[in-house]
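Peer 1: Need coordinates for the below:
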Amino acid sequence: MTDPVTGRAEATIARPPSEVFAAVADITQMGKWSPETVACRWVDGGQTLGATFEGDNVAALGPITLKRWTTVSEVTAYDEPSVFEFVAEDTTTWRFQFSPEGDGTRVVESFTHPGVGGFQRVLYNMLGSRRKAMVKGMEETLGRLKASLEG
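Peer 2: Predicted coordinates:
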């Protein structure tokens with residue numbers, strides 16, 4: 001058994017937790033912030049525990065698209081205004097935690113998924129640097145979210 005793969009990024013946004021939570025929990029807006037997820041749409045329910053949604057994703061190297069794929073995710077935690085979490089493809093858990101900080105909100109975005117072994121691990125970790133790319137993507141997402149809400 002291999003260790004789970006995890007990562008996290010944080011930002012402080014000069015808006016109240018309820019406002020930041022509402023923006024993130026409206027996954028139809030994620031395409032504005034994420035460098036990888038370009039669009040999301042609710043499939044079953046919406047902005048509630050147990051709801052499902054699809055996310056369209058693109059991996060690119062500069063202007064060259066390497067891969068396009070769509071995931072199905074389920075909202076697994078919806079505790080307004082402190083936690084929004086979903087699991088993509090029954091594999092990767094994405095979690096956003098919101099806490100008051102001064103006049104604003106501290107947002108922590110994190111992910112975890114099962115580790116892989118053998119040749120797949122070599123491809124994933126060494127050649128693709130996927131974990132590093134995912135953390136960088138979260139940092140970009142939170143930076144864009146901050147700019148959008150504080151704009």
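Peer 1: can you give me how far stretch 51-61 is from the chain middle?
Peer 2: 10 Å (CA atoms, centre = their mean, to the nearest Å).
Peer 1: try stretch 141-151
Peer 2: With CA atoms, centre = their mean, you get 14 Å for stretch 141-151.
Peer 1: Give me the buried positions along it.
Peer 2: Residues 141, 142, 145, 146, 149 are the ones in stretch 141-151 that count as buried (16 or more other CB atoms under 10 Å). Every C-beta, even on glycine, is put in place using the N, C-alpha and C of the backbone.
Peer 1: Excluding its own residues, what touches the host helix or strand of the last one? List them.
Peer 2: Remark: residue 149 resides in helix 130-150, with elements defined by DSSP states H and E. Identification of contacts with helix 130-150 by CB atoms under 8 Å, 6 or more residues apart in numbering yields 5, 7-15, 19-20, 23-24, 30, 32-36, 107, 109-111, 124-125.
Peer 1: ditto for stretch 78-90
Peer 2: 16-18, 20-22, 24-25, 27, 47-49, 53, 55, 71-77, 93-99.
Peer 1: Where in this protein is the helix or strand with the lowest mean pLDDT?
Peer 2: helix 118-121 (a mean of 59; mean pLDDT, DSSP states H and E).
Peer 1: Could you give the average pLDDT over stretch 88-104?
Peer 2: Mean pLDDT, stretch 88-104: 96.
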